[in-house]
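Participant: Sequence first, then the predicted structure:
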Amino acid sequence: MTDSSRPSDHYDSTAARPVEDTITQPRLGPVGYLRFFWRQLTSMKTALFLLLLLAIAAIPGSLVPQVSSDPNGVIQFKANNPTIAPVLDTLQVFTTYSSVWFSAIYLLLFVSLIGCVIPRTKHHFDALRARPPKTPANLQRLEGFTTQASPADADVAIAAGQKLLKRQGYRTALYTVNGSPTVSAERGYLRETGNLVFHSALIGVLVAVGLGGGFGYTGQRVVVEGYALSNSLASYDSFNPGRFFTDAALEPYSIGLDSFVPTYDDDLTSSSLGQVLDYTANVTATLGGGEPQEGTIKVNEPLAIGGTSVYLLGNGYAPVVTVRDSDGTVVFSQPTAFLPQDANLFSLGIIKIPDGLKEQIGIRALFYPTAVLTDLGTIASSYPDLVNPQLTMEVYTGDLGLDNGQGTNAYALDTDSLTQIAGRTADSPTIKLGLGDSIDLPNGLGSIELTEIPRFVSLDVHHDPAQGWVLVFAILVLAGLVTSLFIPRRRMWITAVTAADGSVSLEYAGLARGDDPGLTAAVSEIAGKHVDQLGLKVES
C-alpha cells in the first residue's frame, strides 16, 4: 500500500528500500533462549502458577497414606487395593512429598520466587532513595483535581503545603514547573515492602521446610500397656530419617504406656452406640537421666519431649497368647498387636512361634471384643469395648521362612509352604478361646491359652528442627500480605500558579498505583487542611 502523504523516495517505501536493507528478525541463539526462559520462569505469573500447582500436587498426600507418617496404613491400602496400588507406587504417590515430581515443582517455585524477589528488591531500594517524581504540567487530568484561590505568596503557600504533606507521612520534593513552584509528595512504600516481605517469607518457608525435612525424622512404634518406647533406632517399628539425619539427633528418652482409656458412647438408645468420644493414653516419660514425669497423649494433643512431638495415631488390642509344649513348659507368652478391621475393633493378628515346639507353628487369629453370633451363623463384634471377648485361630505348621535371612511382614502369614492343622480345611476345628480359656493343640504339640487382653497404641514420633522457623515465616507471610493489600501507594501534588494580574491559585491532585477508592477524599482532605493552615475560607 502506498502512503500518499510521503514522497515516493521515502525510506519506508518498498521501491526506495535497498534489497540488502530488508528487515529480518534477529536469531536469539543459545544465550538468547536461556534469557527468554529465565524471564518466563521468574515472572510473577509463573510463580503464582507454580504455587497453585504445588498446592494441587500436595492433594494426593492427604488422600493416600504416606510411608513417612503411616507405613502400616500404606501396607493396608496396598492389601485392600491390589489393582491400583502398583500404579500409585510407580507414580510415587505413597511418598508424595519426596517424589521426583513434587520436588521438581518445589525447586522451580523456589528458583522462580528468588528470581522475582531479587530484582524487585533492588528496584524498591532504588525507589526509596530516589526523589518523588516531578509534578505533571497538567494536574487537571489527575484524580481528585481541585483548585483554590490563595492570597498568600506562591512560595509561602508551597512551603506550608510541604510541611503539611511531611506531617502526613509523605516524602516531598520541591520543583518548578512552567515557572510555578510546586511540591511533589509520595508515600505508601510500605506496600511494596510488604509485598517483598510476603515473597521473601514464602522463600523462607520453602527453605525451612526443606531443611526441616533434611535434618528431621519420623518414627512409628506400637506400644502395649506396660511396655515403653525408647528414642533409639532399634526401638522403632519403622523409621524415616531425613537426608542429613545423624544418630546424634536422637535425644535419649523413654515413654512408658501406663494405660489406654477409650471413651465410647454407651447409650443403648442412641444411634451412635459404640462411637468414640475420647482417647487418652496415660504415659510416664523420662528424659535422659531425669525424673519420670506423668503425662497424657490425646488425638491432636501430642506429647512434647526431647525436641520431638509424640502423636497418637491409632489403637487396638494386643491379646497375650500363652503357648506351652507337651510338658507344660511355656515357649511363647507375649502380647501381639492385632490390626483393627472395623469401628467395632474386629481385629486380625498373626502369631509366629519358630522355636520351643516339635514344629514351627503359625497362627492366623481373629479377635472380637464383643462377640455376637449373626443370622448367618458367623461371629462378629458388636461393640469396641471388652464385653464378651473371643479369639478364633487357624493353626499352621511348617517352615515359617524366618531362618532364610530375609525380612518378613509381621502382619502377614504366607501359607503356601504350611499345613493347616486347625481350621476350616483341617481335621481339627478352628480354635475358639475366651479370656482365661486354654485348649490343647492338635498333634500333641502342647496347649494354647488366652491369658490377657491389654490395649496398644500406635505412636508417631516427629522431629522437625525448623518447625519454629516455619511458624515465624508463616506469620511474616500473613503480615506482608495484609500490608500489601491495605496500605495504598499514593502521589500528591500542590502547585501554586501565579496569574498575569498577580493572583495566586492553588491546584491539588493525586495519583495512585492500582485501585485506591479513597484517593479523591485524600486529595480533598489535604486541600482542606492546607486551606485552614493558610487561613483561607473554603469555597463551597
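Facilitator: Received, thanks. Residues are numbered from 1 along each chain as shown.

Participant: helix or strand right after the lengthiest helix in the chain?
Facilitator: Longest helix of the chain, by residue count under DSSP state H: helix 100-129. Per DSSP states H and E, helix 100-129 leads on to strand 143-150 as the next helix or strand towards the C-terminus.

Participant: Check which helices and strands that following strand sits against.
Facilitator: Under the contact criterion of 3 or more C-beta pairs under 8 Å, 6 or more residues apart in numbering; DSSP states H and E, strand 143-150 touches strand 504-512, helix 519-534. All C-beta atoms are positioned from the backbone trio N, CA, C, and that covers glycine.

Participant: where does the chain dip in pLDDT?
Facilitator: Across the chain, the ranges flagged by pLDDT under 70 are 1-25, 404-407, 536-540.

Participant: and the residue nearest to the spatial centre of it, what is it in contact with?
Facilitator: The residue lying closest to the centre of the chain (C-alpha atoms, centre = their mean) is Ala58, at 8.1 Å. With contacts defined as C-beta atoms under 8 Å, 6 or more residues apart in numbering, the neighbours of Ala58 are Thr96, Tyr97, Phe102.

Participant: now with 7 Å?
Facilitator: Shown in contact with Ala58 (C-beta atoms under 7 Å, 6 or more residues apart in numbering): Thr96.

Participant: cool, and Ile350?
Facilitator: Residues near Ile350 by C-beta under 7 Å, 6+ apart: Arg364, Ala410, Tyr411, Ala412, Leu413.

Participant: What residues of stretch 423-436 count as buried?
Facilitator: Within stretch 423-436, the residues that qualify as buried are Gly423, Thr430, Ile431, Lys432, Leu433, Leu435, counting by 16 or more other C-beta atoms under 10 Å.

Participant: Kindly report the same for stretch 371-383.
Facilitator: Across stretch 371-383, burial judged by 16+ other C-beta under 10 Å covers Ala371, Ile379, Ser381, Ser382, Tyr383.

Participant: that older thread, now the longest helix of the chain, how far from the chain's geometric center?
Facilitator: If you compare the mean C-alpha spot of helix 100-129 with that of the full chain, they lie 21 Å apart, counting by C-alpha atoms, centre = their mean, to the nearest Å.

Participant: now for it, which elements pack on it?
Facilitator: Taking 3 or more C-beta pairs under 7 Å, 6 or more residues apart in numbering; DSSP states H and E as the contact definition, the neighbouring helices and strands of helix 100-129 are helix 29-41, helix 44-57, helix 189-215.

Participant: Deepest-packed of those helices, please.
Facilitator: helix 189-215 (a mean of 19; mean count of other C-beta atoms under 10 Å).

Participant: what's the angle from it to helix 44-57?
Facilitator: For helix 189-215 and helix 44-57, the angle between their directions (axes from the mean of the first three to the mean of the last three C-alpha atoms, to 10 degrees) works out to 40 degrees.

Participant: Beyond helix 189-215, next helix or strand please.
Facilitator: Downstream of helix 189-215, the first helix or strand assigned by DSSP H and E is strand 217-224.

Participant: What ranges does this structure have for its helices?
Facilitator: Counting by DSSP H, one finds helices in the chain at the ranges 29-41, 44-57, 59-63, 71-80, 85-90, 100-129, 154-167, 189-215, 467-486, 519-534.

Participant: Reformat those helices as a markdown table; add distance to Ser180.
Facilitator: Below are those laid out as a markdown table (distance: least, C-beta to C-beta, whole Å):
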| stretch | distance to Ser180 |
| --- | --- |
| helix 29-41 | 42 |
| helix 44-57 | 39 |
| helix 59-63 | 61 |
| helix 71-80 | 76 |
| helix 85-90 | 73 |
| helix 100-129 | 26 |
| helix 154-167 | 7 |
| helix 189-215 | 27 |
| helix 467-486 | 35 |
| helix 519-534 | 16 |
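
Participant: out of the ones you listed, nearest to Thr498?
Facilitator: Distances from Thr498 to each of these were compared by C-beta to C-beta, and the smallest falls on helix 154-167, at 5.4 Å.

Participant: What are the contacting residues of that closest one?
Facilitator: Applying C-beta under 7 Å, 6+ apart, the contact partners of helix 154-167 are 150, 172, 174, 180-183, 185, 492, 494, 496, 498, 504, 506, 526, 529-530, 533-534.

Participant: May I see the PyMOL selection of the buried members of these?
Facilitator: With 16+ other C-beta under 10 Å as the burial test, the buried ones among the contacts of helix 154-167 are selected in PyMOL as follows:
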select buried, resi 150+172+174+180+181+182+183+185+492+494+496+504+506+526+530+534
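
Participant: Noted, bye for now.
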